[in-house]
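In: missing the sequence, but the structure's below:
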């Protein structure tokens, strides 16, 4: 006796769509979706080349109070349909597609990755790759809102320690971060340089002895509290016309305390100037 095979089309037609059913608790959800999707990403460099990296991607939608759940598989379908390759320029397009396909009022896309910049030592000029934490955040709800995030490591030297000590001053590594909205083109390298310039001095991957001398003396000549770092960075971002909004912070990893020092500020340049 031959075995009767199930009709796959019929089986598919009767499968219940539980996510699309109504929910009677009347509680809307701000963000629901998928996190930590590992995906290749390609970025242009100022020199005209390309850099390929691996991003961790989060995708969400806002869920109305009457809908039980979202369709998780559709996020991955959209990502794979729209991203060959995944580039920063395509992120708003993908975010809009999430909105449409999941019939959501608002969609969110986040991509975090490591970006490398080939950086020369200050005296010897020896090149070394420096890694920077970078991210793009996009929200689509009828309009696109894109944010670039860059974090850079640097050095800060304590002005108080320098003032009261006979022999030098204590210093620490600091992690400086900026999230910015901008108009036109803004290179990751440009924002990273502004972050590094706000510290007492930069850090490098390759240092010869003349470089170490320069870095040590540069920090000593340029002492900064964590407050100085965020204020100097705010002034630099204020002077960059392409940047319209920023949120910045610095965390200084103390070398003589068991705690860290931290400062942050946010500024909407358009609102402060009275622009529409």
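Out: Now that the structure is in, tell me what you want to look at. Since the model is a prediction, treat every value here as computed from it, not as a measurement.

In: parallel or antiparallel, list what pairs with the longest strand anywhere in the chain.
Out: When the chain is parsed with DSSP state E, its longest strand is strand 29-44. Paired strands of strand 29-44, with direction, are strand 50-63 (antiparallel) (DSSP bridges).

In: now do the strand it pairs with: distance to the chain's middle.
Out: 10 Å (CA atoms, centre = their mean, to the nearest Å).

In: for the helix or strand just after that strand, packing partners?
Out: Downstream of strand 50-63, the next assigned helix or strand under DSSP states H and E is helix 72-82. With contacts taken as 3 or more CB pairs under 8 Å, 6 or more residues apart in numbering; DSSP states H and E, helix 72-82 sits against strand 29-44, strand 50-63, helix 91-101. Where C-beta positions appear, they are placed from N, C-alpha and C, glycine not excepted.

In: who's in contact with helix 72-82?
Out: 33-34, 37, 39, 57, 59, 86, 90, 93-94, 97-98, 101-102 (CB atoms under 8 Å, 6 or more residues apart in numbering).

In: buried ones among those residues?
Out: Neighbour counting with 16 or more other CB atoms under 10 Å marks 33-34, 39, 57, 59, 86, 90, 93-94, 97-98, 101-102 as buried within the contacts of helix 72-82.

In: residue 237: which element?
Out: helix 226-238.

In: looking at that helix now, give me its mean pLDDT.
Out: Per-residue pLDDT over helix 226-238 has a mean of 97.

In: before we move on, back to that, would you list the contacts of helix 72-82 in CSV and tack on distance to residue 208 and pLDDT?
Out: Formatted as CSV, the contacts of helix 72-82 follow (distance: CB to CB, whole Å; pLDDT from 0 to 100):
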residue, distance to residue 208, pLDDT
33, 48, 96
34, 46, 97
37, 42, 97
39, 39, 96
57, 39, 98
59, 45, 98
86, 38, 93
90, 42, 95
93, 46, 95
94, 45, 97
97, 50, 96
98, 49, 96
101, 55, 94
102, 55, 94
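
In: okay, these in a markdown table with distance to residue 198 next?
Out: Converted to a markdown table, the contacts of helix 72-82 look like this (distance: CB to CB, whole Å):
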| residue | distance to residue 198 |
| --- | --- |
| 33 | 35 |
| 34 | 35 |
| 37 | 33 |
| 39 | 32 |
| 57 | 29 |
| 59 | 33 |
| 86 | 31 |
| 90 | 31 |
| 93 | 34 |
| 94 | 33 |
| 97 | 37 |
| 98 | 35 |
| 101 | 42 |
| 102 | 40 |
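
In: center of this protein, which residue is that?
Out: Central residue of the chain (CA atoms, centre = their mean): residue 135, 2.5 Å from the mean position.

In: for that residue, give the beta-bridge partners.
Out: For residue 135, the beta-bridge partners are residue 112, residue 149 (DSSP bridges).

In: wait, it sits on residue 109?
Out: No: taking contacts as CB atoms under 8 Å, residue 135 lies outside contact range of residue 109: 10.8 Å.
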